[in-house]
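Enquirer: turn this into a model:
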Amino acid sequence: MLRSERVKKGLEKVGSRSLLYATGLTKSEMDKPFIGIASSFTDLIPGHTHMRMLERSIEHGVYAGGGAAFVFGIPGICDGIAMGHIGMHCSLPSRELIADMVEMVATAHALDGLILLTNCDKITPGMMMAACRLDIPAIVVTGGPMLSGRSKMRRLSLVKDTFEAVGRFRAGEIAKEELDELECAACPGPGSCQGLYTANTMSCLSEAFGIAMPGGATALAVSAKRERIAYESGERIVELVKKNITPGKIMNMKSFENAMRVDMALGGSTNTVLHLTAIAHELGIRLPLEMFDRISRDTPHISDILPGGKYFMEDLEFAGGIPAVLKRLKPKLNNLQTVSGKTIYQIADSARIDDEEVIRPLNRPYHKEGGIAVLSGNIAPDGAVVKQTAVHEKIKHFTGKAKCFNSEEEAMKAIMAKKIKAGDCVVIRYEGPRGGPGMREMLSPTAAIVGMGLADKVALITDGRFSGGTQGPCIGHISPEAAEGGPIAAIKNGDTIEIDINKRKLELKVSKAELRGRMRSIKAHRPKFTTGYLARYAKLVTSAGTGAVMKG
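Expert: Numbering: from 1, shown residues only. The predicted model follows:
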């Protein structure tokens, strides 16, 4: 029985059938599976501006497969545009809204299956959360990566050549004319930003999970291949509906292990820790932070992609994409079914690796361990994360003096005024899920530090989070957060902080008695927003260690 029969079968459904006919539906289509295309098309996000074309390709596939297609809109936020101002409070909370909206539309209209047309940072995990919550057949279709920019025959990327260029300009390394040229050339057109930032990382993981078609993560936004994958996904979803193959039958603990392993091998964004935990929560699966660290220790980092490396997403695509990465990792992967009808091993076996440097062998990695390390200590009793593959070996053990700021704006003002010096450990707090609210990304401060030549001389710790574009010893997701009375709130200017990534330590060098005394004197947090969605979010959101999901 099709789910859509709730709205189209029986005498009492005359009214709803009449309304469906009013949309242009024909009588013959009334008996077909109803496929919702949750489209995050918007003119506001470069990763999404080309999605009208992809919507059409998906529709054609759905009709070819024997279904009836219905496009409905889902909003999105561009993290790069929201960065560094009040807008970044909205980014992570939008993930929960996106999940809720997909759930509500699919439930109210009794859709039989879903194509999740997505691309950028919080939209992809939000849609995947909804698919798992609904547990109806679903396929993720992403918009694809952006081409690299060009200036004087040099390839450009968003973070390195805009956000970090601000720091280089401030340090007097580049002229205003060059800064202006970079601003116009770094992002040449549609697609998600060119490195392994959160958007592209989550796209890669959707393929590793098996909830996206093979090749879907890296096919370029401007390519006909991207349109073909959209068409094939539309055609395939009808078959999944007929066989009732739902996310719950594709995604389980073993598929999360596969996704984590691909993440660690690529050196993806630390935001995946939040998003994978939240997606697992929808399936009733608990992902402890220790699991990320265990898999990272056992997974070589085999692809040197921006921001920590030199290659672009286009290089990964032309080297063979995620199928080629699966081929490399096959001995460490679980052989599971995917939405394509092929198993992980079948996809890996049919892949070809066309560049031995972009996707290195396991015995010749860029780093022996994977991208993310989980730290703990008296600053972060419930854990913290760092993108260790973007940290130079000489600074993986760092001891510095704390400079404390109670907001990102305070820290950015000090950085731009050149008040941060070598040996400092910048502490940005009250920026967690509740305290922010919304756990803002600290790309502007970290990029400015890198641009000013301090990436291997300064550390930064925060209960907020970092963009996938972050480099250097930047420790985020510190739990519990300051707004919950976590120890990060007790750090004082001039305190000594020790970071040892190899030993997974994050320590404030004060006595236990001193720390206990400071903890007792922490004042209650005053909410930054008292009305609207962000006020409600702050009251209901859980800690970063549990994926920053909403209570309920």
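
Enquirer: how near is the residue nearest the centre of the chain to residue 419?
Expert: Residue closest to the mean C-alpha point of the chain, counted by Cα atoms, centre = their mean, is residue 198 at 3.4 Å. Going from residue 198 to residue 419 by Cβ to Cβ, to the nearest Å gives 29 Å. Placement of C-beta: from N, CA and C, glycine included.

Enquirer: what's the neighbour count on residue 470?
Expert: 30 (other Cβ atoms under 10 Å).

Enquirer: same check, this time on residue 176
Expert: So residue 176, with other Cβ under 10 Å, has 8 neighbours.

Enquirer: just checking, it touches residue 169?
Expert: Yes: here residue 176 reaches residue 169: they are 7.1 Å apart, a contact under Cβ atoms under 8 Å.

Enquirer: about what we covered before: which residues touch the residue nearest to the centre of the chain?
Expert: 79, 121, 269, 271-272, 275, 467-468 (Cβ atoms under 8 Å, 6 or more residues apart in numbering).

Enquirer: same question for residue 382.
Expert: Neighbour list for residue 382: 289, 376, 479-480, 543, 545 [criterion: Cβ under 8 Å, 6+ apart].

Enquirer: looking at the residues you listed, which gets the smallest pLDDT?
Expert: For the contacts of residue 382, the weakest pLDDT value sits at residue 545, with 90.

Enquirer: that one in helix, strand or coil?
Expert: Following DSSP: H, G, I helix; E, B strand; the rest coil, the label given to residue 545 is helix.

Enquirer: that one and residue 407, how far apart?
Expert: 22 Å.

Enquirer: and those two? Which one has more around it.
Expert: residue 545 (24 against 17).

Enquirer: specify which member of the contacts of residue 198 is nearest to residue 2.
Expert: Nearest to residue 2 out of these is residue 275 (Cβ to Cβ; 31.0 Å).

Enquirer: number of residues surrounding the closest one?
Expert: With other Cβ under 10 Å as criterion, residue 275 counts 25.

Enquirer: where does it fall, secondary structure wise?
Expert: If you go by DSSP states H and E, residue 275 is part of helix 271-282.

Enquirer: what does that helix rub up against?
Expert: By Cβ under 8 Å, 6+ apart, the surrounding residues in contact with helix 271-282 are 92, 95, 99, 121, 124-125, 128-130, 132-133, 198, 201-202, 205, 251, 256, 259-260, 263, 286-287, 289, 292, 372, 385, 439, 441, 465-468, 477, 544, 546-549.

Enquirer: show the buried residues in the residues you listed.
Expert: With neighbours counted using 16 or more other Cβ atoms under 10 Å, these contain these buried positions: 92, 95, 99, 121, 124-125, 128-130, 132-133, 198, 201-202, 205, 251, 256, 259-260, 263, 287, 289, 292, 372, 385, 439, 441, 465-468, 477, 544, 546-549.

Enquirer: among these, which are in helices?
Expert: Assigned to helices by DSSP state H, the following of the buried ones among the contacts of helix 271-282 qualify: 92, 95, 99, 124-125, 128-130, 132-133, 198, 201-202, 205, 256, 259-260, 263, 289, 292.

Enquirer: looking at this, residue 317 is in a strand?
Expert: No: with three-state DSSP as the criterion, residue 317 is helix rather than part of a strand.

Enquirer: where exactly do the strands run in the stretch 401-550 of the chain?
Expert: 424-428, 459-462, 474-475, 496-500, 505-508 (DSSP state E, counting those that start in this stretch).

Enquirer: next: the stretch 101-250 of the chain.
Expert: Under DSSP E, counting those that start in this stretch, the stretch 101-250 of the chain gives strands at 113-118, 138-142, 149-151, 154-156.

Enquirer: turn the ones you listed into CSV, including mean pLDDT, distance to residue 188 and mean neighbour count.
Expert: Shown next, in CSV, are the strands of the stretch 101-250 of the chain (pLDDT from 0 to 100; distance: least, Cβ to Cβ, whole Å; neighbours: other Cβ atoms under 10 Å):
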stretch, mean pLDDT, distance to residue 188, mean neighbour count
strand 113-118, 99, 22, 29
strand 138-142, 98, 19, 30
strand 149-151, 96, 5, 16
strand 154-156, 96, 8, 17
